[in-house]
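1. Build me a model:
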Amino acid sequence: MEMVGEARLEASRQLVWDALNDPQVLQASIPGCETLERTAENEFTATVVSKVGPIKARFAGKVSLSNISPPKSYTLTGEGSGGAAGFAKADIEVSLDALEPTVTLLRYGVKANVGGKLAQLGSRMIDAAARKSADDFFELFGQQVNERAKSASTATNGVTFDIRALAGNVPEEAVVAPTEVAGRQTTTHATFVEPVEQGQTARTDKAAAKSQTESTAPTPGIATQAEVMDVLISEMVKVWISDQIAVVTLNRRKSRNAMTYAMWLAIPAIMSALDRNPDVRAVLLTGAEQDFCAGADIPEFEKVRADIAQATAYEVAVDACCDAIAKLSKPTIAVLRGYCLGGGAHLAMSCDFRFAAADAMFGIPAARLSIIYGVRGTRKLLSLVGLSEAKRILFGAQRFDAETAHRIGFVDQVAGMKAENPSLSIWERLLGAKARQAPGDPMAEARAFATSLAGNAPLSIAGAKYLLNGMAMGTGSLDLARAEALIAAAAGSDDYREGREAFAVRREPKFQGR
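-> Numbers count the residues shown, from 1 in each chain. Predicted coordinates:
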């Protein structure tokens, strides 16, 4: 018998891992478990009363853990004998994915066999009983984890990239008025200092950071250094790193994560910091809670987009932000839930890939505001969906759903689209098993895809991305000299030697990005 499944738990991966290794939690979670005692570091003895169809028996056996990779995965092997009822053995592969700082996806795969009278019941009844036991286990285990999470609310997955600690170091020239705005000649977006290393907890006091900018006199229509720093201090944009993947979250929940002018100006520096961080191999861009981004913050337009000069400066900031995402040397994936409109669509199109929730809603309403969508955004839209669909989207200013977005090429994947909801067998219904829903979490699918990319050579990905974007996406003219330099650098790198050596002995390469 083989079975797979998953459970989403509202707790950090470390907390879930600790629970999976706690005999008391496991005993409380295993249906019918009377005793579970640790006999060695990774071994337990157990007594479980189980009923399958007409057969009820007390099974005594042992449980051992192997292939342990804390806090990510292990293999649990259980063997038990129920006397005349027969015996059972199961190998369970358990893995934990950190989806968010306090959200963990537990995946499991079971391979089991039974003997004796149990084997005479037939595979359908045994499978149904096993599914029911798995459902009950994860419901009980989830309750145990939730109780622990309440008393350990500060525990999180991965490392929170402390943007606030960098706020006091934003150079003054990072936020100045673009010169010769009408001609779009210059943009001045400086970068942060080197990012905080993973594991470090350096912080800058909020009041102290603000005091450094209080002397800056605000200029009407122009975001000051203080306003951009406030984006970081108040965490309007949050960054979290786990398993070599950085998650950048737009964090203005009450405004459906609409982008302020200061946010457009702040994000390029964040992307620059992530680009320089060797511990980051891929970047996911998403929005807090139910929405990705409802577009630009229209209510502030009277202040920051009131005349032609301001409107042009605003477009310069939007383009600089989206170019910073598109030119990041690492793979980028937009994780799209809820609204993805206007400027939010430009952010999403600037990423290499787009993974959407089934209920995501898209649109570019520029024509309802007498705004012409920018050159870069229009070029990206055209590249993704083609001329006819691009005209339909821009002329009509109407919203379209995730299914349509996937059909026309605007998004690459809709969560749960490939999965099917299996119907319950008659035995499962009789035993009370729960209907199983197909997985539909775009963050889980995006992280799995990002993980598959993170193991490849960073120099190869960076070079390929530069060539492809320069040729197809119009994010900047393709500099052939730079392209040849990137190719030459990869050919002379340590990673190239590592790749050849790994291939020769048939092992997984370990790339360092140099």
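
2. For the lengthiest helix in the chain, buried residues please.
-> Selection of the longest helix in the chain by residue count, based on DSSP state H, yields helix 123-151. By neighbour count with 16 or more other Cβ atoms under 10 Å, helix 123-151 contains the buried residues 125-138, 140-142, 144-145, 148-149. For every residue, glycine as well, the C-beta is placed using N, CA and C.

3. Same question for stretch 498-507.
-> Using 16+ other Cβ under 10 Å as the test for burial, stretch 498-507 gives G499.

4. just how off-centre is that stretch within its chain?
-> For stretch 498-507, the gap between its own C-alpha mean and the chain's C-alpha mean amounts to 30 Å (Cα atoms, centre = their mean, to the nearest Å).

5. What of stretch 270-285?
-> How far stretch 270-285 lies from its chain's middle: 13 Å, per Cα atoms, centre = their mean.

6. swap in stretch 47-58?
-> Relative to the chain's own centre, stretch 47-58 is displaced by 41 Å; criterion: Cα atoms, centre = their mean.

7. quick one: terminal-to-terminal distance for that stretch?
-> Using Cα to Cα, to the nearest Å, the end-to-end distance of stretch 47-58 comes to 7 Å.

8. And for stretch 488-507?
-> 25 Å.

9. Check what contacts that stretch and list those residues.
-> 457-460, 463, 508-514 (Cβ atoms under 8 Å, 6 or more residues apart in numbering).

10. Mark which of the residues you listed are buried, thanks.
-> Listed as buried from these are 457-460, 463, 511, 513; burial here means 16+ other Cβ under 10 Å.

11. if we can go back for a sec, among the contacts of stretch 488-507, which one sits closest to M271?
-> Relative to M271, the closest of these is P458; by Cβ to Cβ it sits at 15.8 Å.

12. Least confident secondary structure element in the protein?
-> Of all helical and strand segments in the chain, the minimum by mean pLDDT, DSSP states H and E falls on helix 206-211, at a mean of 38.

13. Helix, strand or coil: sort out the residue sitting furthest away from the middle of the chain for me.
-> No residue in the chain has its C-alpha farther from the mean C-alpha position than A84, which lies at 49.4 Å (Cα atoms, centre = their mean). Under DSSP: H, G, I helix; E, B strand; the rest coil, the three-state class of A84 is helix.

14. so what's the nearest residue to it once chain neighbours are set aside up against?
-> The spatial neighbour of A84 that comes closest, neighbours along the chain excluded (Cβ to Cβ, 6 or more residues apart in numbering), is K117 at 6.6 Å. Contacts for K117 (Cβ under 8 Å, 6+ apart) come out as 55, 84-86.

15. wait, is K117 part of a helix?
-> Yes. Per three-state DSSP, K117 lies within a helix segment.

16. Run through the protein and note the low-pLDDT ranges.
-> By pLDDT under 70, the low-scoring segments of the chain are 53, 118-126, 153-224, 418-439, 473-477.

17. got the domain boundaries for the chain?
-> Per the record, the chain has its domains at 2-151, 159-454, 455-514, by automatic domain parsing.

18. most neighbours per residue, which of the ones you listed?
-> Mean neighbour count (mean count of other Cβ atoms under 10 Å) peaks for domain 159-454 among the domains of the chain, with a mean of 19.

19. in a helix, that's where I270 is, yeah?
-> Yes. I270 sits within a helix when classified using three-state DSSP.

20. just the helices in the stretch 251-400 of the chain please.
-> With DSSP state H, counting those that start in this stretch as the criterion, the stretch 251-400 of the chain has helices at 261-276, 301-304, 308-326, 343-350, 375-385, 387-396.

21. A7: which of the ones you listed is closest?
-> helix 343-350 (29.0 Å).

22. Show the secondary-structure elements that the longest helix of the chain is packed against.
-> For helix 123-151, the packing partners by 3 or more Cβ pairs under 8 Å, 6 or more residues apart in numbering; DSSP states H and E come out as strand 2-9, helix 13-20, helix 23-29, strand 43-52, strand 103-115, helix 426-431.

23. In contact with A288, which residues are there?
-> Going by Cβ under 8 Å, 6+ apart, A288 touches 238, 249-253, 257.

24. Ramachandran coordinates for it?
-> phi -70, psi 140 (degrees, to the nearest 10).

25. Quick check: closest non-adjacent residue to it.
-> Nearest residue to A288, sequence neighbours excluded (Cβ to Cβ, 6+ apart): N251, at 4.6 Å.

26. From G287, how far off is that neighbour?
-> Here N251 is placed at a distance of 8 Å from G287 (Cβ to Cβ, to the nearest Å).

27. Give the residues shared as contacts by the two.
-> N257.

28. Show me what the helix or strand where A246 lies is in contact with.
-> Using DSSP states H and E, A246 sits in strand 245-250. Contact with strand 245-250 is made by 100, 161, 236-241, 257, 259, 263, 267, 270-271, 274, 277, 280-288, 292-293, 447, 450-451, 454, as judged by Cβ under 8 Å, 6+ apart.

29. Now do the longest helix of the chain against strand 43-52: the angle between them, please.
-> For helix 123-151 against strand 43-52, the angle by axes from the mean of the first three to the mean of the last three Cα atoms, to 10 degrees is 130 degrees.

30. got the angle for helix 123-151 vs strand 103-115?
-> Calculated by the same axes, to 10 degrees, helix 123-151 forms an angle of 150 degrees with strand 103-115.
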